Each structure stands twice: as structure tokens, then as C-alpha cells.
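J.: Have a look at this fold, sequence not included:
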């Protein structure tokens, strides 16, 4: 399958560059990633109950 790249949007690139430089954004992104990984690891091992899932999903928001 051949994938055709989208056109580069300079405004989007600038927006993403600003986001990367924003320490608060990066901290929130890292927290969301950590929460997702934690839930997936716990679910994979079968140690999570519904209440813990609810709490973890709130953290991801």
C-alpha cells in the first residue's frame, strides 16, 4: 500500500512548535501518557477493577 503524504500546513507546524515549548502542556501530555500506559499494564495483568478504571480515566482527561 502506498501512502500519500498530506500537504504541510505551516500554521499547524508553528502551533505544534509552540506546544512543545510549553512546559505545562508537556507535563500534562506526559501525565496522560503515563496514565494510559499504567491502565493498560494493569488491565493486561488483570488487577484492575471498575472503580480503578473510572479513576484512571478521569486522570487521563
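T.: On my side now, so go ahead. Just so it is clear, the model here is predicted, and its values are computed rather than measured.

J.: From the rest of the structure, what touches the one helix or strand residue 13 maps to?
T.: Taking DSSP states H and E as the criterion, residue 13 maps to helix 10-21. Among residues not part of helix 10-21, those counted as contacts by Cβ atoms under 8 Å, 6 or more residues apart in numbering are 25, 26. For the C-beta atoms, the positions are set from N, CA and C on the backbone; glycine is no exception.

J.: Report the buried residues of that helix.
T.: Residues of helix 10-21 include none that count as buried (16 or more other Cβ atoms under 10 Å).

J.: same question for it, mean pLDDT?
T.: Computed over helix 10-21, the mean pLDDT rounds to 93.

J.: got any ranges where the protein has weak pLDDT?
T.: 45-52, 59-61 (pLDDT under 70).

J.: In it, which helix is the longest?
T.: helix 23-45 (DSSP state H).

J.: In that helix, which residues are buried?
T.: Buried residues in helix 23-45, counted by 16+ other Cβ under 10 Å: 35, 39.

J.: just how off-centre is that helix within its chain?
T.: Here helix 23-45 shows a centroid-to-chain-centroid distance of 7 Å under the convention Cα atoms, centre = their mean, to the nearest Å.

J.: just the angle between that helix and helix 10-21, please?
T.: For helix 23-45 against helix 10-21, the angle by axes from the mean of the first three to the mean of the last three Cα atoms, to 10 degrees is 80 degrees.

J.: Against which helices or strands is helix 23-45 packed?
T.: Other elements packing on helix 23-45 under the criterion 3 or more Cβ pairs under 8 Å, 6 or more residues apart in numbering; DSSP states H and E are helix 50-60.
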